[in-house]
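**Student:** next come a sequence and a model predicted from it.
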Amino acid sequence: MVHCPDCETSLETADDIEFVEVDSATGFIKASKRSYTANCAACGVTIGSGVAGAKSNGGAA
Ligand SMILES: [Zn+2]
């Protein structure tokens, strides 16, 4: 079980976590990756982050 480090709400379901897409606003990566941050739905603190699409089927070397 995961608890929010800030407000200690238990994060048990997807409803307790808000996934926010972070587009490449920073611009230092030009790839078409999409980053996400996972935020506590109760207090909004960022709990974690991830990248979607990094392991898509484009594995051609
Ligand atoms: Zn919280």
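**Tutor:** Here it is on my side, so go on. This is a predicted model, so every value here is computed, not measured.
**Student:** what parts of this structure come near the ion?
**Tutor:** Counting by Cβ under 5 Å from the ion, the residues of the chain close to the ion are 4, 6, 7, 9, 40, 42, 43. Backbone N, C-alpha and C define where each C-beta goes, glycine included.
**Student:** pull the number of nearby residues for the fifth one.
**Tutor:** Spelled out, it's residue 40. Look at residue 40: counted by other Cβ atoms under 10 Å, it has 21 neighbours.
**Student:** gap between it and residue 49?
**Tutor:** Noted for residue 40: a distance of 13 Å to residue 49, by Cβ to Cβ, to the nearest Å.
**Student:** with the fourth one instead?
**Tutor:** Remark: distance between residue 9 and residue 49 (Cβ to Cβ) = 19 Å.
**Student:** let me know the pLDDT of the closest residue to residue 15 other than its chain neighbours.
**Tutor:** Nearest in space to residue 15, with sequence neighbours left out and distances taken as Cβ to Cβ, 6 or more residues apart in numbering, is residue 41 at 6.7 Å. Predicted confidence (pLDDT) for residue 41: 95.
**Student:** dump the residue contacts of residue 41.
**Tutor:** Counting by Cβ atoms under 8 Å, 6 or more residues apart in numbering, residue 41 touches 9, 15, 16, 17, 18.
**Student:** tell me which of those fall in strands.
**Tutor:** Counting by DSSP state E, the part of the contacts of residue 41 found in strands is 17, 18.
**Student:** any quick PyMOL command for the buried ones out of the contacts of residue 41?
**Tutor:** To isolate the buried members of the contacts of residue 41 in PyMOL, using 16 or more other Cβ atoms under 10 Å:
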select buried, resi 9+16+17
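**Student:** closest one of the contacts of residue 41 to the ion?
**Tutor:** Lowest distance from the ion to those (Cβ to the ion) belongs to residue 9, with 4.9 Å.
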